[in-house]
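J.: give the three-dimensional model of this entry:
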Amino acid sequence: MTVAVDDRYATRVAHDPTIVDRVDPVVWSEVNNPELIGYAEAGYAQFDNALSPADVAACLREIARIESDELLAHDPRIVREQGSAAVRSIFDIRQLSPVVSAAVELSGARRHAQEILGSDVYVHQSRLNYKPGFQGGAFYWHSDFETWHAEDGMPLPRAVSASISLTHNEIYNGPLMISPGSHRRFVQCVGATPEAFYEESLASTRPDFGVPTERDITAIVDECGIDVLTGQAGSMTMFDCNVLHASAGNISPVPRANIFVVFNSIDNRLQEPFSGSEPRPEYLAAR
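T.: Okay, here's the model as predicted:
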């Protein structure tokens, strides 16, 4: 496969990764929405009551239906915790559930994404991230853009994610942690990407590739700090595709469930993966 050219954000390097300044905007339009004040600086913005209690309840019923659907028991879109039957992620959640798809549109996420990205948008990826009580695994520190750039061929960091809470996100059940301001730096990762690496990485609490070194994570956190994002069911966080983030495992009895939708600019459509690997499946990276 031919590797894409004009790579502003080289990664998966052989050795000695570096941290470089981002050369593209964070906000691509003149945003006058007071709800988005601070997004460009912090790399994220939070919204209360994006979904009503009735919409949240409807989505939770859909999640239970999908989890118990025997026809989906071995579907690759259903990712389980390593060594467990517990569901970790359900990909393509908008296609699997019209109810969830409708809730995403009601949340205002698409409108906010269009404001931030300065263009029309399409859904690059959708999924449910689930951390059942006592069993929910961690998601290690990473930049989504680094993965989408290397493994999907996303040219520029002109994408935004919406995380919509279906349960309370508390400090004790594995909430999202973001290093505010880290989206203005690009952190290279080490190592050539193995073929079909997504089959391992999606279930791993600390993948072997596509994550920064502990040295670089420490440098970013020393510079930017860590915000722990809690919120009620129905709340939503919009965050930049390049912000460094993670979440701890859930050893509490309180489950955590979030709908996760990635909006990409129609002017930032995918090329061939910049790592030179084969493109990931459509349910991970819509083309």
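J.: now the strands for this structure?
T.: Using DSSP state E, the strands of the chain run over residues 19-21, 44-47, 78-80, 87-91, 121-131, 139-142, 159-165, 176-178, 185-187, 227-229, 236-240, 245-247, 256-265.
J.: what's the closest of those to Glu214?
T.: Closest of the strands of the chain to Glu214 is strand 139-142, at 8.9 Å (criterion: Cβ to Cβ). For the C-beta atoms, the positions are set from N, CA and C on the backbone; glycine is no exception.
J.: mind giving me the packing neighbours of that closest one?
T.: strand 245-247 (3 or more Cβ pairs under 8 Å, 6 or more residues apart in numbering; DSSP states H and E).
J.: quick check: mean pLDDT of the strand it packs on?
T.: Strand 245-247 carries an average pLDDT of 96.
J.: to Pro212, which of the strands of the chain lies closest?
T.: The minimum distance between Pro212 and these falls on strand 185-187, with 4.5 Å, by Cβ to Cβ.
J.: helices or strands up against the closest one?
T.: For strand 185-187, the packing partners by 3+ Cβ pairs under 8 Å, 6+ apart are strand 19-21, helix 144-147, helix 214-224.
J.: run me through the strand neighbours of that strand, direction for each.
T.: Using DSSP bridges, the strands paired with strand 185-187 in its sheet are strand 19-21 (antiparallel).
J.: who touches the strand it pairs with?
T.: 9, 184-188, 216, 219-220 (Cβ atoms under 8 Å, 6 or more residues apart in numbering).
J.: now render the residues you listed as TSV, adding pLDDT, neighbour count and distance to Pro279.
T.: As requested, the contacts of strand 19-21 are exported to TSV (pLDDT from 0 to 100; neighbours: other Cβ atoms under 10 Å; distance: Cβ to Cβ, whole Å):
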residue	pLDDT	neighbour count	distance to Pro279
Tyr9	96	22	18
Arg184	98	16	28
Arg185	97	20	27
Phe186	98	23	22
Val187	97	24	23
Gln188	96	18	21
Asp216	97	20	27
Ala219	98	15	32
Ile220	98	21	29
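J.: and the two most separated of the residues you listed?
T.: Tyr9 and Ala219 (17.7 Å).
J.: follow-up on the earlier one: could you dump the strands of the chain into CSV and include distance to Glu35?
T.: Converted to CSV, the strands of the chain look like this (distance: least, Cβ to Cβ, whole Å):
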stretch, distance to Glu35
strand 19-21, 28
strand 44-47, 6
strand 78-80, 32
strand 87-91, 28
strand 121-131, 17
strand 139-142, 26
strand 159-165, 13
strand 176-178, 17
strand 185-187, 25
strand 227-229, 16
strand 236-240, 9
strand 245-247, 20
strand 256-265, 16
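J.: what sits against Ile226?
T.: Contacts of Ile226 by Cβ under 8 Å, 6+ apart are 177-179.
J.: thinking again about what came up before, among the helices and strands packed on strand 185-187, which is the most enclosed?
T.: Sort the helices and strands packed on strand 185-187 by mean neighbour count, taking mean count of other Cβ atoms under 10 Å, and helix 144-147 sits at the top with a mean of 25.
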